[in-house]
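>>> Got a sequence here, can you build the structure:
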Amino acid sequence: MVGWFFQHEVVAQSTQEQLKAMRSSVIEKIDGRDFYIHTIKRGQTLYMISKAYGVEVKDIILENPGVKEGIRADQKLRILVPGQKAAPGPKVIPGKDKRISDKDGKTEPSQIPPKTDSVPVVELPCGIDTTTKKPIYNVALMLPLFLSSIDQIDAANPDPKIFDNSKSFQFLPYYEGFRMALDSLEKQGVKLKLFVYDVDKDTAKTKQLLKKPEMKSMDMIFGLLYHSNFQIVASFARKNRISLINPISEKSELCTGNPYVFKAQPSKKEQLDQLASYMAGAFRDGQVLIVRNGQYGDRDIFDRLKKSCQERNLTVQVVEGQAAAILRFSKDQPNYVVAISDNQAYTLDLLRGMYKLRNDYNLTLIGLPLWSAMEGLENEYLVALKTHMMARSFIDYENPGVKRFVSHYQELYKTDPELLAFQGFDQAFYFLTALNSYGTNISRCIGGLKMNSMQTRFDFVQTKGNGFENRSWMIYKYENYKLLMVN
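The predicted model follows:
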């Protein structure tokens, strides 16, 4: 084990600041009593909300019976302003049938819940519930290492062509970053036992692996797997209630129907809301023009983005192509142009057209969906147009933490770290910190764990009955020939 420690900064506000930020300013009088109207945000729990308003969880449930089945983002709660009497329950005459009569003499079942449900189960706050904590955690890391083909390489006299093209080394950087995170956590006193498995495309081998006795004792599985293999492991994880991390896939369907799956990479569908939220805060001083591109496959994306912007009270128009956008440019206010394209020739043509007008108008260009992966774009154009882009990851090599990681990685492995190495470190550090902090039931608390990672952010959301998806996209801009994070 390498004796090295890389400190991750965990973001923490004071409890009072968090509570103050959560409280709603909306108060309504209902049936003669004053209620806060609280809109639930992603990651909030009933316990957190109760502490924000100084009430008991059972009192929230009493006023909002439906939350006993679970809460969801954007759901509204009635929370009684402290100091008032709680709602009285219906009267029941001892010894009589627990039914009430309406004006027509018809009887209806009483609204009094059965005795077994009369006292709701109150969950302990995250980090305090010790029932799922262990002195040491078993963690499985499944990687397609293709170890059976490693004997093709002559270690004493390696052929560079074989070495560079070997599948055995494709995912090795993820493992190397993962091990560096384990070293850091162990320096903090976290007790972990790591099991590493070579899982290639052969589904029969994957099924055989899951029959190993130790597999059911795993507390967390990281599965960097081919799709069919991941589905097999996902079924096993659900059956045995084991958290399963998918490190690199973007497919949302991986989480469907399986609450034990955590997808670390955000999908494209999350881009629009993320961008609209950013623009609503940063671009209110001007007009937003969304340039419709007839060549782009997703024909509805332009109107979906417009709707997301309008929901945030942002001035926005969809225009038909570059020429129509130019006709709408204003000299009196900034023009924020959103261009959606995955075609390099179309993108370069648009960049050149906007660049020619840079001195006539105040222009800012936003490129979607993945301009960051598009090669051949002129830096001079990108800088002059204050171009913004979105990416699933962004590494600031000027960051001191990144510099320390790169230096130590070079020292250990005699090469520069690839993106997979950063991902391996960040994901291992984040999820294993959650495992150590909250125990094996991390799903209840993962929404509240915020951490300054090196190449991404984690903001997990769950839809009912499904797994957890990271929804956080990075937004950065070109400024003075540097890339700067803006969100």
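>>> from here on, contacts and neighbour counts on C-alpha atoms
OK.
>>> Show me what the top helix by length along the chain is packed against.
In the chain, with assignment by DSSP state H, the single longest helix is helix 419-438. Judged by 3 or more C-alpha pairs under 8 Å, 6 or more residues apart in numbering; DSSP states H and E, helix 419-438 is in contact with helix 172-187.
>>> And for the residue nearest to Arg179 when sequence neighbours are not counted, the neighbour number?
Counting by C-alpha to C-alpha, 6 or more residues apart in numbering, the nearest residue to Arg179 once its immediate chain neighbours are dropped is Phe425, at 7.4 Å. Residues lying near Phe425 (other C-alpha atoms under 10 Å) number 26.
>>> Which element, helix or strand, includes Lys58?
With elements taken from DSSP states H and E, the one containing Lys58 is helix 57-63.
>>> and after that helix, which helix or strand comes next?
strand 76-80.
>>> and Ala234, how many neighbours does it have?
26.
>>> From what I see, it and Lys263 are in contact.
No: using C-alpha atoms under 8 Å, Ala234 is not in contact with Lys263; the gap is 11.7 Å.
>>> returning to that earlier point: distance of the residue nearest to Arg179 relative to Gln462?
24 Å (C-alpha to C-alpha, to the nearest Å).
>>> Next: Leu419.
Counting by C-alpha to C-alpha - Leu419 and Gln462 are separated by 26 Å.
>>> If you count surrounding residues, which of the two has more?
The residue with more neighbours, out of Leu419 and Gln462, is Gln462; 19 against 15, by other C-alpha under 10 Å.
>>> show me the contacts for the more buried one.
For Gln462, the contacting residues are Phe468, Glu469, by C-alpha atoms under 8 Å, 6 or more residues apart in numbering.
>>> Just checking, which helix or strand of the chain averages the lowest pLDDT?
strand 99-101 (a mean of 36; mean pLDDT, DSSP states H and E).
>>> follow-up on the earlier one: flag every buried residue along the longest helix of the chain.
420-438 (16 or more other C-alpha atoms under 10 Å).
>>> tell me the contacts of Asn470?
Going by C-alpha under 8 Å, 6+ apart, Asn470 touches Phe262, Lys263, Ala264, Gln265, Pro266, Phe458, Asp459, Phe460, Val461.
>>> what's around the nearest residue to it once chain neighbours are set aside, how many residues?
Nearest residue to Asn470 in three dimensions, chain neighbours excluded: Phe460, at 4.4 Å (C-alpha to C-alpha, 6+ apart). Using other C-alpha under 10 Å, the number of residues around Phe460 comes to 22.
>>> Confirm for me that Phe460 is in contact with Ile446.
Yes: using C-alpha under 8 Å, Phe460 is in contact with Ile446, at 7.0 Å.
>>> picking up where we left off before, now the element after the longest helix of the chain, going C-ward?
strand 451-452.
>>> if I look at Ile326, how far off is Ser443?
48 Å.
>>> Looking at these two, which is more packed in?
Comparing Ile326 with Ser443 by other C-alpha under 10 Å, the one with more neighbours is Ser443, at 21 against 17.
>>> Please name the residues that touch that one.
Ser443 touches Tyr260, counting by C-alpha under 8 Å, 6+ apart.
>>> mind showing which ranges of this structure have poor pLDDT?
Residue ranges of the chain with pLDDT under 70: 1-20, 43, 68-69, 85-124, 148-168.
>>> domains for it, by residue range?
As given by automatic domain parsing, the domain ranges for the chain are 13-87, 137-266+399-460, 269-391.
>>> can you list these in TSV and add distance to Ser472?
Shown next, in TSV, are the domains of the chain (distance: least, C-alpha to C-alpha, whole Å):
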stretch	distance to Ser472
domain 13-87	12
domain 137-266+399-460	6
domain 269-391	7
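>>> related to what we said a few turns ago, and the longest helix of the chain with helix 172-187, angle?
30 degrees (axes from the mean of the first three to the mean of the last three C-alpha atoms, to 10 degrees).
>>> Identify the residues contacting helix 419-438?
With C-alpha under 8 Å, 6+ apart as the criterion, helix 419-438 contacts 126-130, 132-133, 137, 171, 173-182, 185, 190, 247, 264, 441-442, 445-446, 449, 451, 453-456.
>>> what do you get if the cut-off is 7 Å, keeping everything else the same?
126-127, 133, 173-178, 180-181, 190, 442, 446, 453-455 (C-alpha atoms under 7 Å, 6 or more residues apart in numbering).
>>> For PyMOL, what selects the buried ones among the contacts of Asn470?
Of those, the buried ones go into a single PyMOL selection, burial set by 16+ other C-alpha under 10 Å:
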select buried, resi 262+263+264+265+266+458+459+460+461
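>>> Among the contacts of Asn470, which pair sits farthest apart?
Greatest spatial distance in these: Gln265 and Val461, 12.2 Å, computed using C-alpha to C-alpha.
>>> Summarise which helices and strands the helix holding Lys58 is packed against.
helix 46-53 (3 or more C-alpha pairs under 7 Å, 6 or more residues apart in numbering; DSSP states H and E).
>>> Could I have the CA atoms of the helix it packs on written out in CSV?
Below are the C-alpha coordinates for helix 46-53, written out as CSV (Å, rounded to 0.1, in the frame of the first residue of the first chain):
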residue,chain,number,x,y,z
LEU,A,46,-38.2,14.9,5.8
TYR,A,47,-35.7,15.0,8.7
MET,A,48,-33.8,17.9,7.1
ILE,A,49,-37.0,19.8,6.4
SER,A,50,-38.3,19.2,9.9
LYS,A,51,-35.1,20.7,11.4
ALA,A,52,-35.3,23.7,9.0
TYR,A,53,-38.8,24.7,10.3
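>>> what is the orientation angle of that helix with strand 76-80?
Using the same axes, to 10 degrees: helix 46-53 against strand 76-80 is 50 degrees.
>>> helix or strand for Ala339, which one?
strand 335-340.
>>> strands paired with that strand, and their directions?
strand 287-292 (parallel), strand 363-368 (parallel) (DSSP bridges).
>>> Nearest to Thr39, out of those?
Per C-alpha to C-alpha, nearest to Thr39 of the strands paired with strand 335-340: strand 287-292, 28.0 Å.
>>> From the rest of the structure, what touches that closest one?
Residues contacting strand 287-292 (C-alpha under 7 Å, 6+ apart): 302, 315-322, 325, 334-339.
>>> Going by neighbour count, which residues in that strand are buried?
For strand 287-292, using 16+ other C-alpha under 10 Å, the buried residues are Gln287, Val288, Leu289, Ile290, Val291, Arg292.
>>> re earlier: let me have the strands paired with strand 335-340 in a markdown table, extended by distance to Leu272.
Shown next, in a markdown table, are these (distance: least, C-alpha to C-alpha, whole Å):
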| stretch | distance to Leu272 |
| --- | --- |
| strand 287-292 | 12 |
| strand 363-368 | 9 |
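>>> so how far does stretch 38-56 reach from one end to the other?
Note: stretch 38-56 ends 15 Å apart using C-alpha to C-alpha.
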